[in-house]
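> Predicted model, plus sequence, below.
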Amino acid sequence: MALKTPQEFVQSIADLKLEIYLFGEKVDDYVNHPLIRPSINCIAMTYDLAAKPEYEDLMLATSHLTGKKVNRFAHIHQSTEDLVKKVKMQRLLGQKTGSCFQRCVGMDAINALYSVTYECDQAKGTTYHEKFRQYVQYLQDNDLVADGAMTDPKGDRSLPPHKQSDPDVYLHIVERRDDGIVVRGAKAHQTGACNSHEIIVMPTIAMREGDEDYAVSFSVPANAPGVFYIYGRQSCDTRKIEENALDVGNSQFGGQEALMVFDNVFVPWDRVYMDGEIEFSGALVERFAGFHRQSYGGCKSGVGDVLIGAAGLAADMNGVTKASHIKDKLIEMNHLNETLYSCGIACSAEGTRMPAGNYQIDMLLANVCKQNVTRFPYEIARLAEDIAGGMMVTMPSAQDLFGEKTGPWVEKLMAGQCDTPTVDRMRVMRLVENLTIGAGAVGYRTESMHGAGSPQAQRIMIARQSNMEHKKKLAKDIAGVGDPVEPIKDKVLKPTGSK
Amino acid sequence: MLKIVYCGGCNPHIDREGLAAELAADQRLTALDMVVYISGCQRSCRSGKRLVLDTPGTLVVAGEHLDGTPVAAAELAGRIRDKLRAAKE
């Protein structure tokens, strides 16, 4: 099957007839719902750009399974160049949507599972890897979107999964049958879940003895019987169902999160990729998180480009472009944004080929990348708000701009630099608002904090991999710790050499 | 002859030289016609960023990994010895 067009993608999501609830009601025509459609447009962009020759180098890759061109979101990375291109593609899509474009979680899930299933088979004689390769080819051949579903609701964090008072707070196997397994539970914060053809489930933490029923990985169609979605709210989300698009800030694109419920869902054995192998659950969590922490170096810097651009426009429209402190703030925003990107590129360039043949990012640098992402977008947002001024949160509504009595007053009093139409100044202010405290801030700020793991998760990984003993030895050698005390002349004139 | 090939050593998580010395001390191993690539960390620079090589007669050490399998630093020499002997047989 050829790559899908954006229109074919939207229709294919409509055809799934997903069971989605929003504001307490089931939404049947979800692809045309004004609150949901912007998020569908984001993924449609991943199809749109893939069809354009000017973006093909980043958006397409050659499948190692079939030799055919596939969307990079369904690709298993075959080189460090692939890893670098992934980050560049994500920056591009952040720039084009000004939003979380949601398709990364599936890409990161297939790349993590690819190596873990291989290593599990090698160690335990299971047969997951070949099944998983066939599944990846199915995704590629049909140009499908997969949701990588990892985060369980988790209940009481002080207790392991099998000791929770309600077992459903961690997704688990409730029955093993001749033809497959039955699972129950939920996945929370699921980015792009209602825009996906497929769901790939992974355990949320490294499982221990007693948690075997929770160490489960599988895939199901997004419309599998028993799966339903409760759509998440975003700050200012109901602006999307108002009459005028102006107050949304980014009316065409937006992120999406949902609580995904599995109410006794059947999974056939050929779609099960982990069934109780607790010793491989930790590796799967770490690798998925590692790939996703790399992802943020691309997508967040792409959205950052849009916010920096909006701050620059706001400065122009406010007539303060020449002020030295404004120039300096824009430089600082760019510096921070490029640092995020640099980390994404660095962990990709330092990637390695795994025994399964796919390439994995450097874990330490990917965690450093994400740790910076938990901070820098907040500072970039603060500077954008500083430059934009208070108008972004106090200005009148679109209805007032076009109101019979209020319109002329809003038009002249909200005007800035004389060449700028007031409506455009208000549009830019609303975009800054969207990304810093509105619906877009879900993706740009809080998702930067908690998506792909909260800050402490990265610090644990950094502590584990930062090789402190080596650093101490370097310092000891330079300081001469343990050396005899010598006259400086003798010390300096000694031939140099490593210890 | 057993050949040891080192990475550049910018970020060693293991004592590369100590590991090589342990292997060199075992004369039954040094006579083997094999290559051990020793990279100090998992970036595995010396073996072309690969945690395992398809080429027969090669072993890859990348920090606390031997041919892609996690191995504690203290156990590396023993595990390499076992693999070299197994390859000989």
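Arrived safely. Numbers count the residues shown, from 1 in each chain, chains lettered A, B, ... in the order given.
> show me the contacts for the residue of chain B found nearest chain A.
Here chain B gets closest to chain A at one residue, residue B:68, 3.5 Å apart by Cβ to the nearest Cβ. All C-beta atoms are positioned from the backbone trio N, CA, C, and that covers glycine. If you count contacts by Cβ atoms under 8 Å, 6 or more residues apart in numbering or on different chains, residue B:68 has them with A:119, A:354-355, B:51-52, B:60.
> Pull the contacting residues for residue A:128.
Shown in contact with residue A:128 (Cβ under 8 Å, 6+ apart): A:117, A:120-121, A:272-274.
> just checking, which of the residues you listed belong to helices?
When helices are assigned by DSSP state H, the members of those inside them are A:117, A:120-121.
> In the sheet, which strands lie alongside the strand or helix carrying residue A:188, parallel or antiparallel?
In the assignment (DSSP states H and E), residue A:188 maps to strand A:180-191. Applying DSSP bridges to the sheet, strand A:180-191 is found paired with strand A:172-176 (antiparallel), strand A:257-268 (antiparallel).
> From one end of stretch A:228-246 to the other, what's the distance?
End-to-end span of stretch A:228-246 (Cα to Cα, to the nearest Å): 32 Å.
> nearest spatial neighbour of the residue of chain B closest to chain A, skipping sequence neighbours?
Residue nearest to residue B:68 in three dimensions, not counting chain neighbours: residue A:355, with 3.5 Å by Cβ to Cβ, 6 or more residues apart in numbering or on different chains.
> That neighbour reaches residue B:65, doesn't it?
No: applying Cβ atoms under 8 Å, one finds residue A:355 not in contact with residue B:65, separated by 9.5 Å.
> Give the intersection of the neighbour lists for these two.
By the contact definition Cβ under 8 Å, 6+ apart, residue A:355 and residue B:65 are jointly contacted by residue B:51.
> Looking at these two, which one has more neighbours?
Neighbours of residue A:355 and residue B:65, each counted by other Cβ atoms under 10 Å in any protein chain shown, are more numerous for residue B:65; the result is 22 against 17.
> coming back round to it: could you pull up phi and psi at the residue of chain B closest to chain A?
The main-chain torsion angles of residue B:68 are listed as degrees, to the nearest 10 and equal phi 90, psi 0.
> show me the contacts for residue B:38.
With contacts defined as Cβ under 8 Å, 6+ apart, residue B:38 is in contact with B:4-7, B:16, B:19-20, B:46, B:61.
> One more: residue A:199?
Taking Cβ under 8 Å, 6+ apart, we find residue A:199 in contact with A:146-147, A:149, A:193, A:219-222, A:224, A:227, A:260.
> Turn those residues into TSV, columns for distance to residue A:398.
Formatted as TSV, the contacts of residue A:199 follow (distance: Cβ to Cβ, whole Å):
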residue	distance to residue A:398
A:146	38
A:147	34
A:149	37
A:193	31
A:219	43
A:220	42
A:221	40
A:222	35
A:224	41
A:227	38
A:260	34
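> The closest residue to residue A:187 other than its chain neighbours pairs with what?
Taking Cβ to Cβ, 6+ apart, and ignoring the residues beside it in sequence, residue A:187 has residue A:149 as its nearest neighbour in space, at 4.0 Å. Taking DSSP bridges, one finds residue A:201 as the beta-bridge partners of residue A:149.
> Go ahead and confirm residue A:149 touches residue A:203.
No: counting by Cβ under 8 Å, residue A:149 stays clear of residue A:203, with 10.4 Å between them.
> and among the strands paired with strand A:180-191, the most buried is which?
Highest mean neighbour count of the strands paired with strand A:180-191: strand A:257-268, a mean of 19 (counted as mean count of other Cβ atoms under 10 Å in any protein chain shown).
> Residues in contact with it: which ones?
A:20, A:147, A:149, A:153, A:171, A:174, A:179-191, A:193-194, A:199, A:201, A:218-220, A:224-232, A:234, A:442.
> go on, stretch A:316-329?
When contacts are taken as Cβ under 8 Å, 6+ apart, the neighbours of stretch A:316-329 outside the stretch itself are A:311-312, A:315, A:383, A:386-389, A:416-417, A:420, A:424-425, A:428.
> Let me know the average pLDDT across it.
What stretch A:316-329 shows for mean pLDDT is 97.
> What separates the first and last residues of that stretch, distance-wise?
14 Å.
> Now it: buried residues?
Counting neighbours by 16 or more other Cβ atoms under 10 Å in any protein chain shown, one finds that the buried residues in stretch A:316-329 are A:316-318, A:320, A:326, A:329.
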